[in-house]
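Student: Any chance you can model this:
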Amino acid sequence: MQMQTLTVPGSSVVVLSSFAGGIGKEPVSLLSSPIIRLGRRRRRRPATTTLKSIYNPSSAHTTTINDPSSSSNSKSMAGAATATTSPKWAQKTVTLPPQRRGCHLITPKILKEIGQDLSGFKCGLAHLFLQHTSASLTINENYDSDVRDDTETFLNRVVPEGRSAPWKHTIEGPDDMPAHIKSSMFGCTLTIPITNGQLNMGTWQGIWLCEHRDAATPRKVVVTLNGI
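Tutor: Okay, the predicted model is just below:
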């Protein structure tokens with residue numbers, strides 16, 4: 001038997017042997033043997049999937065109302081839109097007379113001032129904006145005045161006032177800084193729906209002006225109406 005060392009390129013096997021097939025016969029290489037085959041394995045290519053888009057940019061079309069270049073269908077829609085009543089606006093500043101410190105129902109005063117403009121709206125929104133930093137607006141009970149008194153009691157207990165209060169801003173009086181805080185608690189704006197020329201509030205809801213200062217001053221509310 002004869003041993004032979006071979007190096008197969010690209011293979012981790014570096015030692016091979018060949019042997020005589022028998023006495024007087026030529027050596028047979030293992031590389032040509034049908035039983036043993038050495039070499040590098042071929043890697044299979046990963047399967048790929050090709051997706052064909054069915055979207056054709058040239059066929060895309062956007063229909064816009066009132067666009068002269070749109071289709072006939074859009075023209076009919078544009079006609080319907082033109083026939084609909086266009087949105088409208090109205091705005092008025094309501095000046096409220098001085099009120100004592102506390103919560104006050106002002107719904108009748110607001111309606112008296114904006115009633116004529118309000119009647120022209122079938123559907124829309126009424127926005128109220130108070131132009132002050134020491135008073136506030138809110139919506140609450142419109143029947144029992146005890147609710148307004150109790151709310152004022154609550155505010156006075158939650159926000160301390162007087163010499164023991166920790167406030168730095170006292171130049172305008174001991175009630176001024178507490179008034180600023182209370183104003184931020186309730187806020188200075190309201191938004192109320194309009195339906196068939198009326199403010200669409202609940203049966204027991206009313207608009208309150210909460211005056212947080214001891215000295216009475218006039219307060220201005222800007223009312224903006226928008227709708228159809």
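
Student: List the pairing partners of whatever helix or strand Lys220 lives in within its sheet, with orientation.
Tutor: Lys220 is part of strand 219-227 when elements are defined by DSSP states H and E. Sheet pairing of strand 219-227 (DSSP bridges) gives strand 88-96 (antiparallel), strand 123-130 (antiparallel).

Student: which of these is buried the deepest?
Tutor: strand 123-130 (a mean of 18; mean count of other C-beta atoms under 10 Å). Any C-beta I mention is one placed from the backbone N, CA and C, and that applies to glycine too.

Student: For that one, give the mean pLDDT please.
Tutor: In this model, strand 123-130 carries a mean pLDDT of 98.

Student: which other helices and strands contact the longest helix seen in the chain?
Tutor: Using DSSP state H, we find that the single longest helix of the chain is helix 145-158. Packing contacts for helix 145-158, counted by 3 or more C-beta pairs under 8 Å, 6 or more residues apart in numbering; DSSP states H and E, involve strand 102-105, strand 135-141, helix 176-186, strand 205-211.

Student: Now the strand holding Lys220: buried residues?
Tutor: Under the neighbour-count criterion of 16 or more other C-beta atoms under 10 Å, strand 219-227 has Arg219, Val221, Val223, Thr224, Leu225, Gly227 buried.

Student: Buried residues in stretch 154-165, which are they?
Tutor: Leu155, Val159, Glu161.

Student: Need the pLDDT of the first one.
Tutor: Leu155 carries a pLDDT value of 98.

Student: can you pull the contacts of Ser145?
Tutor: Residues in contact with Ser145 (C-beta atoms under 8 Å, 6 or more residues apart in numbering) are Leu105.

Student: can you check Gly173 too?
Tutor: Contact analysis of Gly173 by C-beta under 8 Å, 6+ apart lists Asp214, Ala215.

Student: hang on, the earlier thing: now render the buried residues of stretch 154-165 as a markdown table, adding distance to Phe186.
Tutor: Compiled in a markdown table, the buried residues of stretch 154-165 are given as follows (distance: C-beta to C-beta, whole Å):
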| residue | distance to Phe186 |
| --- | --- |
| Leu155 | 9 |
| Val159 | 12 |
| Glu161 | 17 |
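
Student: tell me which of the residues you listed is nearest to Gly187?
Tutor: Gly187 has its nearest neighbour among the buried residues of stretch 154-165 in Leu155, at 13.4 Å by C-beta to C-beta.

Student: Could you pull up the residues touching the closest one?
Tutor: Per C-beta under 8 Å, 6+ apart, neighbours of Leu155: Lys182, Met185, Cys210, His212.

Student: please redo it, this time with the cut-off set to 10 Å
Tutor: 101-103, 136, 161, 178-179, 181-182, 185-186, 210, 212 (C-beta atoms under 10 Å, 6 or more residues apart in numbering).

Student: Show me where this structure dips below the pLDDT cut-off.
Tutor: 1-84 (pLDDT under 70).

Student: partner residues bridging Leu130?
Tutor: Val221.

Student: Report the separation between it and Lys220.
Tutor: Distance of Leu130 to Lys220, computed by C-beta to C-beta, to the nearest Å: 8 Å.

Student: repeat for Thr95
Tutor: Relative to Lys220, and taking C-beta to C-beta, Thr95 is found at 5 Å.

Student: cool, Gln99 as well?
Tutor: 13 Å.
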